[in-house]
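Enquirer: Below is the sequence, then the predicted model.
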Amino acid sequence: MSGWFDRRALLLASHLDRGERELARGRMAELSCLDAHRPSVIATGSASDVLIVTQERMLWVGVEPQWVTSLPFSRVTKWTEVTQAHRYALILDHHEITRLQWIPRRRFFWWSWGNAEAYCRRSRSVLGFSHRNTEATQAIRRRLAELAVPTGNPIILPAPKGRTETALYRHRTATSWLQPRRRRPRAFRSLVGRRLR
């Protein structure tokens, strides 16, 4: 693993309680709009989050070291598997947790810009992985099965059509959970043409 990964993993390990046993660690991408916008691809190319799985919980950290999220398995109420070719994601519904995360500093209608942080409440987390059989995903599924957490119907997405669709989804995953969905601009010529007719 890279030095960047090792530094993030050590940071997460420092948050473990005494006697807490680590089961697995790996890279992933927290997906912010897999369920909300119903995208057609699972984009994990920029898997910039580091994950540690223990007997009691999942911990992951994003780009900034202070963005550490802890999700105990006991708080998960339902989980759903999503696959697309070799890519894989887990939708985890859980009791509400509060976490520090990135938000835009300024908003004006549907525009947003700038960087800020805020504690936000969440009841769903979506974790994306490069494939189904990573060490971390196997450990997560095993613990959820041992705790008899209900599972939803698996979701299988069709293969992506091309680079354009993948690039669009990667743009969407860069947005915040709180960022409003961008409106699609309407072509000026089409509006004028309709009025002239």
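Expert: Perfect, thanks for sending it. Small disclaimer: the values here were computed from a predicted structure and weren't measured.

Enquirer: Partner strands of the lengthiest strand in the chain, with direction?
Expert: Longest strand in the chain, counting residues (DSSP state E): strand 87-103. Note on strand 87-103: by DSSP bridges, its sheet partners are strand 76-84 (antiparallel), strand 116-129 (antiparallel).

Enquirer: I'd like the distance from it to the chain centre, please.
Expert: Chain-centre distance of strand 87-103: 7 Å, with Cα atoms, centre = their mean, to the nearest Å.

Enquirer: helices or strands next to the helix or strand just after that strand in the packing?
Expert: Next helix or strand after strand 87-103 toward the C-terminus (DSSP states H and E): strand 106-108. With contacts defined as 3 or more Cβ pairs under 8 Å, 6 or more residues apart in numbering; DSSP states H and E, strand 106-108 has no helix or strand neighbours. Every C-beta, even on glycine, is put in place using the N, C-alpha and C of the backbone.

Enquirer: By mean pLDDT, which helix or strand of the protein comes out lowest?
Expert: Ranking every helix and strand in the chain by mean pLDDT, DSSP states H and E puts helix 188-196 at the bottom, with a mean of 45.

Enquirer: Name the residues of the longest strand of the chain that are buried.
Expert: The neighbour-count check on strand 87-103 (16 or more other Cβ atoms under 10 Å) flags 87-94, 99, 101-103 as buried.

Enquirer: Over to stretch 51-60?
Expert: For stretch 51-60, the neighbour count (16+ other Cβ under 10 Å) marks 51-54, 56-60 as buried.

Enquirer: and if you look at stretch 121-133?
Expert: 125-130.

Enquirer: Among the residues you listed, which one sits closest to residue 110?
Expert: Ranked by distance to residue 110 (Cβ to Cβ), the buried residues of stretch 121-133 are led by residue 126 at 22.7 Å.

Enquirer: Which pLDDT value goes with that closest one?
Expert: Here, the pLDDT recorded for residue 126 equals 91.

Enquirer: you'd agree it is up against residue 30?
Expert: Yes - using Cβ atoms under 8 Å, residue 126 makes contact with residue 30 at a distance of 6.8 Å.

Enquirer: Can you pull the residues that touch both of those two?
Expert: Common contacts of residue 126 and residue 30, defined by Cβ atoms under 8 Å, 6 or more residues apart in numbering, are absent altogether.

Enquirer: ok so, going back, which among the strands paired with strand 87-103 is found nearest to residue 4?
Expert: Per Cβ to Cβ, nearest to residue 4 of these: strand 116-129, 18.0 Å.

Enquirer: Then residue 4 would be within a helix, right?
Expert: Yes - counting by DSSP: H, G, I helix; E, B strand; the rest coil, residue 4 is found in a helix.
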